[in-house]
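> what's the 3D shape of this:
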Amino acid sequence: MHNAMTGLYSQFPEALTAGLLISAVCALLGVFVILKRAVFIGITLSEVAACGVAASFLLGIPPFAGSLVLVLGAVSLFALPFENQRIPRDTLMGIIFIAATALTILLVSKSGPGLMEINAVLYGDLILASGRELKILFGILTPALLLFLCILRPTLYSFMDREGANVLGIKTWIWESLYFLMLGIMISAASRIAGALLIFCYLVVCPAAALVASKRIRTVLLAAPAASMSATFIGMVISFHYDLPTNQTICITSCALFVLIAVTSWTWRKLMPATHHN
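Down below sits the predicted model:
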């Protein structure tokens, strides 16, 4: 394992570092996406970010700037109260998802690149991460992660028991808004490298595996990034040795890890009563 990591890092240091950083931060934030039962917001914001990157190609502006503007606009719409509206929030997410996906392809087709460039926008290519992109990631994700850790406790209360948090005097809408703001910034920063599919995978698959494996939230918050980083490393090694697309290989590895953890947890829970009985 050490030799594989050393070899991978020596040839693709930026890709491995970027992948581990994005996977850890996405998985940590993804736990709250699942707790909020707002999984669809992950893929919607990922597609909106991809649309922003495509628009940036056409306008000649930095990809992060284009994706950030559109993602923050979408986050602002999702933050509006929908309790008394005729359509639920999920319906709006679906409309935005369809519009962003279609518009991304239309924008890229007009900006001049071919099929490979369209695939790069939609699916990303982690193995091609550059030193400049890695610096941007560190400059954006590190402060966002530190801020999130500072507001972790009230955010956790707001997501797990909104009514109880309100009784305690916690202004849940503030912490939820801050969380979705940081989620939007993180997706905007990572979308150019990781692509919509891999970001959605990081937000859902390994956090779900951690929640299946443990009911203790502290354990989940540690296990989700660890599982996501492990899947990233293993997926990159497999991709490198078998000449497979990196991002999609990581996604498959993450799903395989989820199945393994789910089956192991189910088996363990079935065996536990028998062990105690004996």
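
> which SSE is residue 249 in?
helix 246-277 (DSSP states H and E).

> so which bits of that helix are buried?
Neighbour-count burial for helix 246-277 flags 246-255, 257-258, 261 (criterion: 16 or more other Cβ atoms under 10 Å). In short, each C-beta sits where N, CA and C put it, glycine included.

> so which of these comes closest to residue 49?
Relative to residue 49, the closest of the buried residues of helix 246-277 is residue 247; by Cβ to Cβ it sits at 14.5 Å.

> my guess is the closest one meets residue 194, correct?
Yes: the criterion here is Cβ atoms under 8 Å, and residue 247 meets it with residue 194 at 6.8 Å.

> next, show the common contact partners of those two.
124, 126 (Cβ atoms under 8 Å, 6 or more residues apart in numbering).

> which elements pack onto the strand or helix carrying residue 58?
Assigned by DSSP H and E, residue 58 belongs to helix 39-59. In terms of contacts (3 or more Cβ pairs under 8 Å, 6 or more residues apart in numbering; DSSP states H and E), helix 39-59 is packed against helix 13-35, helix 63-78, helix 89-111, helix 115-123, helix 172-213.

> residue ranges with poor pLDDT in this protein?
Within the chain, the ranges that satisfy pLDDT under 70 run 1-7, 9, 81-85, 111-123, 273-278.

> do I have it right that residue 141 meets residue 23?
No: between residue 141 and residue 23 there is no contact under Cβ under 8 Å: 11.1 Å.

> neighbour count for the two, which is higher?
Set side by side, residue 141 and residue 23 show more neighbours around residue 23, with 32 against 21, by other Cβ atoms under 10 Å.

> wait, residue 145 sits on residue 26?
No: the pair residue 145 / residue 26 is not scored as a contact, 10.6 Å apart, by Cβ under 8 Å.

> of the two, which one has the most company?
Between residue 145 and residue 26, counted using other Cβ under 10 Å, residue 26 has the larger neighbour count: 29 against 17.

> leaving out the residues flanking it, which one is nearest to that one?
residue 202 (3.4 Å; Cβ to Cβ, 6 or more residues apart in numbering).

> which residues does that neighbour contact?
22, 23, 26, 27, 30, 194, 228, 254.

> pretty sure the second one is touching residue 232, no?
Yes: in this structure, residue 23 sits in contact with residue 232. The criterion is Cβ under 8 Å, and the distance is 4.4 Å.

> just how off-centre is stretch 185-195 within its chain?
Taking Cα atoms, centre = their mean, to the nearest Å, one finds stretch 185-195 lying 9 Å from the centre of the chain it belongs to.

> export it to CSV, keeping only CA atoms.
Presented in CSV, the C-alpha positions along stretch 185-195 are these (Å, rounded to 0.1, in the frame of the first residue of the first chain):
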residue,chain,number,x,y,z
ILE,A,185,-18.5,27.5,-2.2
MET,A,186,-17.0,24.0,-1.9
ILE,A,187,-18.8,22.6,-4.9
SER,A,188,-17.9,25.7,-7.0
ALA,A,189,-14.2,25.3,-6.1
ALA,A,190,-14.1,21.5,-6.8
SER,A,191,-16.4,21.3,-9.8
ARG,A,192,-13.7,22.1,-12.5
ILE,A,193,-11.5,19.2,-11.3
ALA,A,194,-13.9,16.7,-9.9
GLY,A,195,-17.0,17.2,-12.1
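
> show residues contacting it.
18-19, 22, 25-26, 29, 45-46, 49-50, 52-53, 63-64, 67-68, 71-72, 120-126, 128-129, 133, 136-137, 140-141, 144, 199, 202, 247.

> buried subset of the residues you listed?
Buried among those (16+ other Cβ under 10 Å): 18-19, 22, 25-26, 29, 45-46, 49-50, 52-53, 63-64, 67-68, 71-72, 120-126, 129, 133, 136-137, 140-141, 144, 199, 202, 247.

> rewinding a little: could the helices and strands packed on helix 39-59 be laid out in JSON lines, adding distance to residue 240?
Shown next, in JSON lines, are the helices and strands packed on helix 39-59 (distance: least, Cβ to Cβ, whole Å):
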{"stretch": "helix 13-35", "distance to residue 240": "10"}
{"stretch": "helix 63-78", "distance to residue 240": "25"}
{"stretch": "helix 89-111", "distance to residue 240": "27"}
{"stretch": "helix 115-123", "distance to residue 240": "18"}
{"stretch": "helix 172-213", "distance to residue 240": "16"}
